[in-house]
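[1] I would like the atomic coordinates for the input below:
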Amino acid sequence: MGRTGTVGRRALLLAGAATLGGCTTTPPRERGPEPPTAAERAARAEAELRRRSAAAGRTLLERYDAVLAAHPSLAARLTPLRTSAAAHAAALAEGTAAPGARPAPSPTGSGPAPSSASSPASPSAGASAAGATTVPPTPPTVPADPAAALRQLAAEVRRTSDTHTAALLDAPPEYARLLASVAAAGAAHAYLLTEGGRG
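    I've put the predicted structure just below:
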């Protein structure tokens, strides 16, 4: 009888140990973040392309403003082209998070772009007001000769147009049409800045 009781107690102890062992097993490892889907990767690539295109448009506007500041006598010739470039830069920047991208083309929000283009001091003032903690970029160097300044500006316009053309292959259809339109306008502007002003 005592032996049977001893065996029974031993069996109960073994069963309890097995139960405790099952409860203290290591929990399954947590899974890491899911890799981005094809749609998410495409959206990120499009956002990056839009940022690059908008940055190219803003750089071109800075070049226009620098030439206008150095050669006010060219305002009548450059203001219409600068106004068009500002509209293109604003269109390219739609849908991007680019604070400070819009103040230069239209400081008042509703005022016409030509007025901002005809006052070369407005871009630097807008830049200093937009970010008090950031140092404004150094204005591009402009040749002292107006004709040389126009040639330099035309070269920048061509480079920007080529940049937009190169981005067409990676752009979604709607944005590709916008890039193609802006690139074509840039080619026309480059002509007007050089050959178009002769005679």
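[2] can you tell me what sits against stretch 42-55?
    Contacts to stretch 42-55, defined as Cβ atoms under 8 Å, 6 or more residues apart in numbering, come from residues 36, 89, 92-93, 95-96, 98, 101, 163-164, 167, 170-172, 175, 179. C-beta coordinates here come from the backbone N, C-alpha and C atoms, glycine included.
[3] buried residues, that stretch. List them.
    Of all the residues in stretch 42-55, those buried under the rule 16 or more other Cβ atoms under 10 Å are 49-55.
[4] CA atoms of it as CSV?
    The C-alpha trace of stretch 42-55 is given here as CSV (Å, rounded to 0.1, in the frame of the first residue of the first chain):
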residue,chain,number,x,y,z
ALA,A,42,6.3,53.1,-56.6
ALA,A,43,4.8,55.8,-54.5
ARG,A,44,8.1,56.6,-52.8
ALA,A,45,9.9,56.7,-56.1
GLU,A,46,7.4,59.1,-57.5
ALA,A,47,7.6,61.3,-54.5
GLU,A,48,11.4,61.4,-54.8
LEU,A,49,11.2,62.2,-58.5
ARG,A,50,8.7,65.1,-57.8
ARG,A,51,11.1,66.5,-55.1
ARG,A,52,14.0,66.4,-57.5
SER,A,53,12.0,68.0,-60.3
ALA,A,54,10.7,70.7,-58.0
ALA,A,55,14.2,71.4,-56.7
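[5] which of the contacts of stretch 42-55 ranks first by neighbour count?
    residue 92 (27 neighbours; other Cβ atoms under 10 Å).
[6] separation between that residue and residue 41?
    As judged by Cβ to Cβ, to the nearest Å, residue 92 and residue 41 stand 22 Å apart.
[7] ok, now residue 157?
    For residue 157 relative to residue 41 (Cβ to Cβ), the value is 33 Å.
[8] of these two, who's got more company?
    Neighbour totals were compared for residue 157 and residue 41, and residue 157 leads with 25 against 11 (other Cβ under 10 Å).
[9] of all the contacts of stretch 42-55, the one with the weakest confidence?
    Model confidence across the contacts of stretch 42-55 bottoms out at residue 101, which has 38.
[10] look up the closest residue to residue 192, ignoring the ones flanking it.
    Excluding the flanking residues, the one nearest residue 192 by Cβ to Cβ, 6 or more residues apart in numbering is residue 81, at 6.6 Å.
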